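Engineer: my questions are about this predicted structure, shown below with the sequence.
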Amino acid sequence: MRTILFILRKEFIQIRRNRTMLPIIFVVPFVQLIILVHAATFEMKHICLHVIDKDMSSVSRNLISKFNGSPFYDITNYSYSDKAGEEDLKKNKADIVMVIPEHFEKRLRTENTGKVQIVVNAINAASAGLIYAYTSSIILNYNLNLVTEWANIPSNVQTSSISTTSSFWFNPELNYKNYMVPGILVLLVTLIGMFLTGMNIVREKEIGTIEQINITPIKKHQFIIGKLVPFWIIAQFELAFGLTLGKLLFDIPILGNLGVVFTFSSIYLLVVLGAGLIISTINNTQQQSMFISFFFMIIFIMMSGLFTPVESMPVWAQKINIINPVAYFIEVMRMVLMKGSGFMDIKRQLISISIYAVLILSFAVWRYRKVT
């Protein structure tokens, strides 16, 4: 035990003196937290709308006013030419072009039907889907208002209707930051665990101190514990600080017991630290270690459900995702913080990550060779 304490002390001194590692630990993660929470969003708040009104009637003007009064739309141009609308789409000056044809109001009154053309820039399929949904909803509501207004229903006649009320659980204000902050915190913990653990051990190889350690009477398990525990402590500290920062800056909900979060993170970090140790055993330079870490991290992040739901992935991708530890932690973080879930609610994820930790850490310890 005394030997391990000396190694821990040596590691903390080495981390403090490493000018490259300190910014990665204390600066980069929190800059990412502040920036990504605002940038990583699928909400559409400023949709550039080009209006082509060939009818110039009161009905068309009222329809346009519905978009003008919406906080989601910015009417960037009015014209009477289809070519002008097409040019704005090609130059990315417009996200959507709405074409109101001639005799629009006349056909509505005489034939009880009218057509409005919607042309959406669908280069970004996700944004195009949202834009189309928003636009269709506004046109549909305006159509219902016209039907009610033109039906000439007497005011003293009561009509029966179906009233619907929406209720959003766990995130009633539909605040996207509440969804993103827990996931980004998982990335910060993973960054500390995987990247820095692998780079720290490989750095010993680069500067030649690993040979000096190998010829000492320090046992393999003592060396590994001394190398991994400092980053386990730092990652836990960063998670605590990140949760505090998320509460103060973004007012994220913390409905569950934080003991559940830190218990799960303690086991999760064993997985991440084991992965970093494995990467360090197969590389001889920090550059190689970083490239391999990025390779796995990109796959884990894109399939973790941080930006897109796992349920929207193909079935084969969902099955492969069972080996993605980041997906487990992101799911648990959102469940505990936003739903108030307890240990029984995350039992499946807890058992899975525990098995994962035993397997990967055992393989990492076996793979590491003290004598080179």
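Structural biologist: Yes, it's here.

Engineer: quick check, residue 242 in contact with residue 30.
Structural biologist: Yes: counting by Cβ atoms under 8 Å, residue 242 sits close enough to residue 30 to count as a contact (7.3 Å). All C-beta spots, glycine's among them, are computed from the backbone N, C-alpha and C.

Engineer: which one of those two has more residues nearby?
Structural biologist: residue 242 (20 against 14; other Cβ atoms under 10 Å).

Engineer: hang on, residue 367 packs against residue 280?
Structural biologist: No: using Cβ under 8 Å, residue 367 is not in contact with residue 280, being 9.6 Å away.

Engineer: low-confidence ranges, the protein, go.
Structural biologist: 41-42, 151-163, 211, 214, 369-372 (pLDDT under 70).

Engineer: let me see the domain layout of it.
Structural biologist: For the chain, automatic domain parsing gives the domain ranges 2-40+173-367, 47-150.

Engineer: can you get me the start-to-end distance on the last one?
Structural biologist: Which is domain 47-150. Counting by Cα to Cα, to the nearest Å, you get 31 Å between the two ends of domain 47-150.

Engineer: and it, how far out from the chain middle?
Structural biologist: 32 Å (Cα atoms, centre = their mean, to the nearest Å).

Engineer: ok, stretch 20-27 next?
Structural biologist: With Cα atoms, centre = their mean, you get 23 Å for stretch 20-27.

Engineer: next: stretch 44-53.
Structural biologist: On Cα atoms, centre = their mean, the centre of stretch 44-53 falls 27 Å from the chain's centre.

Engineer: which of the residues in it are buried?
Structural biologist: 44, 47-53 (16 or more other Cβ atoms under 10 Å).

Engineer: settle it for me: which of residue 367 and residue 280 has more neighbours?
Structural biologist: Using other Cβ under 10 Å as the criterion, residue 367 and residue 280 rank with residue 280 on top: 28 against 13.

Engineer: need the phi and psi values for residue 217.
Structural biologist: phi -80, psi 10 (degrees, to the nearest 10).

Engineer: what is the nearest of the buried residues of stretch 44-53 to residue 183?
Structural biologist: residue 44 (20.3 Å; Cβ to Cβ).

Engineer: contacting residues for the nearest residue to residue 77 once chain neighbours are set aside?
Structural biologist: In space, and not counting its chain neighbours, residue 77 is closest to residue 50: 4.7 Å by Cβ to Cβ, 6 or more residues apart in numbering. By Cβ atoms under 8 Å, 6 or more residues apart in numbering, the residues touching residue 50 are 75-79, 84-85, 88-89, 93-94, 96-98.
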